[in-house]
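> Sequence and predicted model, in that order:
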Number of protein chains: 2
Amino acid sequence: MKNAFYAQSGGVTSVINSSAYGLFLELKKTVPEANIYVGKNGIVGLIEDEVYDLNKSKKSLDLLLDSPGGMFGSCRYKLPEINDEKFYEDLFKKLERYSISYFFYNGGNDSADTCYKISEAAKKLNYPLNAIAMPKTIDNDLAVTDNCPGFGSVAKYIATSAKEASLDIKSMCKTSTKVFILEVMGRHAGWIAAAAELANDDNNTYVHRILMPEVPLNEETFISGVKSDVEKFGYSVIVASEGLKDKNGKFYTASDTKDSFGHNQLGGLAPKIADLIDKKLGYKYHWSVSDYLQRSARHISSQTDVEQAIAVGRAAAKLALNNANGVMPIIKRINNHDEPYAWVIEESELIHIANKEKIVPTDFISEDGFRISQKGVDYLKPLTVGENYPKYQDGVPIYEQLDLHLAEI
Amino acid sequence: MKNAFYAQSGGVTSVINSSAYGLFLELKKTVPEANIYVGKNGIVGLIEDEVYDLNKSKKSLDLLLDSPGGMFGSCRYKLPEINDEKFYEDLFKKLERYSISYFFYNGGNDSADTCYKISEAAKKLNYPLNAIAMPKTIDNDLAVTDNCPGFGSVAKYIATSAKEASLDIKSMCKTSTKVFILEVMGRHAGWIAAAAELANDDNNTYVHRILMPEVPLNEETFISGVKSDVEKFGYSVIVASEGLKDKNGKFYTASDTKDSFGHNQLGGLAPKIADLIDKKLGYKYHWSVSDYLQRSARHISSQTDVEQAIAVGRAAAKLALNNANGVMPIIKRINNHDEPYAWVIEESELIHIANKEKIVPTDFISEDGFRISQKGVDYLKPLTVGENYPKYQDGVPIYEQLDLHLAEI
């Protein structure tokens, strides 16, 4: 009996469940005899003997297409190095108990590392396993793949929200707020902040300054730029990436002040930038930290993103059934500059992806470092195209969850 | 010649332009000979001789139905008391210059005060004017009216966002974040925070604690409640109103610490609550401040809200043409408890509305003070019903603006 195991890992997205859907659909079509087991809270479920048996779920798997978050629970869990023989022997005993031949791990760079270790351990232990990583990260920082499922929807959310907030502050700036700062996620890469450029068009500038980890913050040129925005437009809209660094390469939000428990003093990036502007220019400001709201905003997911999320799931199943191991289905852009956006799924070995980070390239960034170039816009725009709305009941999205039952083996 | 003047005032909403649309539509139908003038940045435009002539706009007024923010600019500007004869004589000279007989002011309680003063000044100066206030505020705190245009859409946004973020943290709580805090607007009233209750349904609790200005924060019961949430569900989702007060009735975010410029030290409510939870319970947390994003989120406006926003605009025109003065069209709920939601537009004198605030009544709040009662849910739910999506191009809402031209008189 050849069964399959799937788990979700790392920070979740609004479309990670669509990847699960694509995978399950393909497995059920191609190897209907295989049981599908799913880790409760990622690989931790396997380690702790908490594994869902998908056959026991009676509700339709279509529910996976609508709901944000990780339907099966995710985890942040780093596997030990593969010379930890005891750990991997125990883990593979569990895989054997469930007769797992196909192993799918859905996550970002850390999760690719997890999947890589398992693929290597399988070889070492002579366990016949096809370990496939499925890409997912709002940070869009995976190597090799043109983009990552989850990112297109966040990009759409941030561009839309920044445009909306810009129209708000434009109304208020005459007698009130002059500066709006939106803090976004993205870890060490500025992809999400960069997506705010999509709010702008040929005739209107809605977002005036984008702050990314790729461009260390020069406070002087930034402040004089904000001043010039307010003088020219009446207001300034700034989108800032949480991973922004100072001139010395340190996180801009890093603080030496500790509270009584030894934790770093609170304070996000947005209020810190607001404070800087207040001190230097004295403008009235507002700020927003979108945090989980941005990555779970299934109500405004990108149709392109949903399609790609499903596609990597289906491709992962095909790769496993074709006896691949230690690989990830990746998205490849195949159109030339002036042609309509087109993409295919290819594959890459995990060794090229695990623990690596892809940051925003220099030629995607404007010369002054505060905006995104046309080349960057051309890259970003198609990823946000199309609206994929969830179903609503009484004003709120339904987001019905699957009935999940633990395997009893 | 009897002309009309309209202006937007106070914090804007995602549907205030729909009220302008309703007003203009009715005026153009009923008194097509009247010119429509619009204040650039509220009443300030009239004072500073910056008034748009709507006849000069060539684009379709339908654009008003899609765009958030105030298309004509808003202001925060308090008129002097009406014994300031010089001010009002000057102001009415301007009205006379444009032959204004109908005056429409679209805002919240402060703006109702502005409109009330102008209606009283008109009587005093024997100027034939029909001054009508049009209700608008996301805070939902206007007296007399059952609810306020702008609120239903924010309620939908907050309930949806809280539900989405709750599914996110549910995925992560096993090995990572245990507490999520969403800070919302609302000034001295907890209506917006209360709307988070709509995320919950009979089978699932997505939002565990709601903190409102109506219930002074008792840190001990709050902290023990968060602890019990985490023990029971694995995580706790908290939605907190910016106007939250402590036991002594002081704003919970008030700080005695001033920076070098004498400003109060930065720090929103969400990070302060996160800090409290960290100190008392040590849980890993995330927090979000939705700020302008919530009130400008036209991409998820409530259909009911859009319809009511248009309706108060049309009603304002009818009231003026029926020679009313110093009144506001208000929304009246006419269904009984078990019947489908239904509403009509009535009117109220501004004296009952100006400078007054309506807070969340006690019987809308659960006994422990941290949730909303069934009665509160019954009130809130219908205001969020229906989706009214804007048009998108290349992944982002279009939000095209009118071409606006200043009057030359």
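Sure, I can see it.

> ok, residue A:358 touching residue A:139?
No - if you go by CB atoms under 8 Å, residue A:358 and residue A:139 don't touch, sitting 9.3 Å apart. C-beta: built from backbone N, CA, C; applies to glycine.

> quick check, residue A:382 in a helix?
Yes - counting by DSSP: H, G, I helix; E, B strand; the rest coil, residue A:382 is found in a helix.

> So it sits against residue A:302, correct?
No - in this structure, residue A:382 is not within contact of residue A:302 by CB under 8 Å, at 9.4 Å.

> Mutual contacts of the two, please.
Common neighbours of residue A:382 and residue A:302, using CB atoms under 8 Å, 6 or more residues apart in numbering or on different chains, are residue B:395.

> neighbour-wise, which of those two wins?
residue A:302 (28 against 20; other CB atoms under 10 Å in any protein chain shown).

> Quickly list what the more buried one is bridged to.
Here residue A:302 sits in beta bridges with residue A:387, as judged by DSSP bridges.

> could I get stretch A:147-154 in CSV with only the CA atoms?
Output in CSV follows, covering the C-alpha atoms of stretch A:147-154 (Å, rounded to 0.1, in the frame of the first residue of the first chain):
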residue,chain,number,x,y,z
ASN,A,147,7.1,33.9,-7.8
CYS,A,148,5.5,32.1,-4.8
PRO,A,149,1.9,31.2,-4.2
GLY,A,150,0.5,33.4,-1.5
PHE,A,151,2.4,36.5,-2.6
GLY,A,152,0.1,37.6,-5.5
SER,A,153,-2.8,37.9,-3.1
VAL,A,154,-0.9,39.9,-0.6
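
> buried stuff in it?
A:147, A:148, A:149, A:150, A:151, A:152, A:153, A:154 (16 or more other CB atoms under 10 Å in any protein chain shown).

> how about low-confidence regions in chain A?
A:254-267 (pLDDT under 70).

> Count the neighbours of residue A:338 for me.
Residues near residue A:338, counting by other CB under 10 Å: 6.

> and the stretch 51-200 of chain A, which residues reach chain B?
Listed as neighbours of chain B in the stretch 51-200 of chain A under the rule CB under 8 Å from any CB of the partner chain: A:67-71, A:73-77, A:155-156, A:159-161, A:163-172, A:174-176, A:180, A:182, A:198-199.

> so of those residues, which ones are in strands?
If you go by DSSP state E, those have A:180, A:182 in strands.

> Pull out the buried members of the residues of the stretch 51-200 of chain A next to chain B.
Members of those classed as buried by 16+ other CB under 10 Å are A:67-71, A:73-77, A:155-156, A:159-161, A:163-172, A:174, A:176, A:180, A:182, A:198-199.

> Residue A:98 touches residue A:407, doesn't it?
Yes - contact criterion CB under 8 Å: residue A:98 and residue A:407 qualify, at 7.0 Å.

> Between those two, which contacts overlap?
A:37, A:51.

> which ones are touching the closest residue to residue A:370 other than its chain neighbours?
Distances taken as CB to CB, 6 or more residues apart in numbering or on different chains put residue A:209 closest to residue A:370, at 4.7 Å, once the chain neighbours are dropped. Residues in contact with residue A:209 (CB under 8 Å, 6+ apart) are A:222, A:225, A:226, A:229, A:236, A:237, A:238, A:239, A:370, A:371.

> My guess is residue A:211 contacts residue A:242. True?
No - judged on CB under 8 Å, residue A:211 makes no contact with residue A:242 at a distance of 10.0 Å.

> Same drill for the two, tell me which one is more crowded.
Counted by other CB under 10 Å, residue A:211 and residue A:242 do not tie: residue A:211 has more neighbours, with 26 against 22.

> Bridge partners for that one, pull those for me.
Going by DSSP bridges, residue A:211 forms beta bridges with residue A:240.

> Look up how far residue A:135 lies from residue A:330.
Distance, residue A:330 to residue A:135, using CB to CB, to the nearest Å: 7 Å.

> before we move on, what about residue A:248?
Taking CB to CB, one finds residue A:248 at 33 Å from residue A:135.

> Let's verify residue A:105: helix, strand, or coil?
From three-state DSSP, the assignment for residue A:105 is strand.

> And residue A:237, by the same measure?
Strictly by three-state DSSP, residue A:237 counts as strand.

> That one touches residue A:166, doesn't it?
Yes - counting by CB under 8 Å, residue A:237 touches residue A:166, with 4.7 Å between them.

> Export the buried residues of stretch A:147-154 as a markdown table, with columns for secondary structure.
Output for these, formatted as a markdown table (three-state DSSP):
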| residue | secondary structure |
| --- | --- |
| A:147 | coil |
| A:148 | coil |
| A:149 | coil |
| A:150 | coil |
| A:151 | helix |
| A:152 | helix |
| A:153 | helix |
| A:154 | helix |
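
> and of the residues you listed, the nearest to chain B?
Minimum distance to chain B across the buried residues of stretch A:147-154 is 8.2 Å, recorded for residue A:152 (CB to the nearest CB).

> dump the residue contacts of the closest one.
Here residue A:152 is in contact with A:302, A:304, A:305, A:308, A:383, A:384 (CB under 8 Å, 6+ apart).

> how about the helices in the stretch 51-200 of chain A?
A:85-97, A:109-124, A:151-172, A:191-194 (DSSP state H, counting those that start in this stretch).

> Flag every buried residue along the last one.
When neighbours are counted by 16+ other CB under 10 Å, the buried residues of helix A:191-194 are found to be A:191, A:192, A:193, A:194.

> Going by distance to residue B:285, which of the residues you listed wins?
Using CB to CB, residue A:192 is the member of the buried residues of helix A:191-194 that sits closest to residue B:285, with 20.7 Å.

> per the record, what domains does chain A have?
With domains defined by automatic domain parsing, chain A comprises A:3-137+A:300-355+A:386-397, A:151-298.

> First-to-last residue distance for stretch A:38-45?
Start-to-end span of stretch A:38-45 (CA to CA, to the nearest Å) is 8 Å.

> same thing with stretch A:342-358?
21 Å.

> now do stretch A:49-62
OK, stretch A:49-62 end separation, CA to CA: 27 Å.

> Would you mind listing the buried residues in that stretch?
Buried, per 16+ other CB under 10 Å, within stretch A:49-62: A:51, A:52, A:53, A:54, A:57, A:61.

> Give me the contact list for it.
For stretch A:49-62, using CB under 8 Å, 6+ apart, the contacting residues are A:5, A:21, A:24-25, A:35-41, A:44-45, A:72, A:94, A:98, A:400, A:402-408.

> Of those residues, keep whichever come out buried.
Looks like the contacts of stretch A:49-62 have A:5, A:21, A:24-25, A:35-41, A:44-45, A:72, A:94, A:98, A:400, A:402, A:404, A:407 buried, using 16+ other CB under 10 Å.

> quick one: which of those sit in strands?
Going by DSSP E, the strands hold A:5, A:36, A:37, A:38, A:39 from the buried ones among the contacts of stretch A:49-62.

> Check those residues and tell me the two furthest apart.
A:36 and A:39 (11.3 Å).

> Touching both of the two, which residues are there?
In contact with both residue A:36 and residue A:39: A:5, A:6, using CB under 8 Å, 6+ apart.

> Between residue A:248 and residue A:135, point out the one with more neighbours.
Neighbour tally, residue A:248 and residue A:135, criterion other CB under 10 Å: the higher count belongs to residue A:135, 30 against 6.
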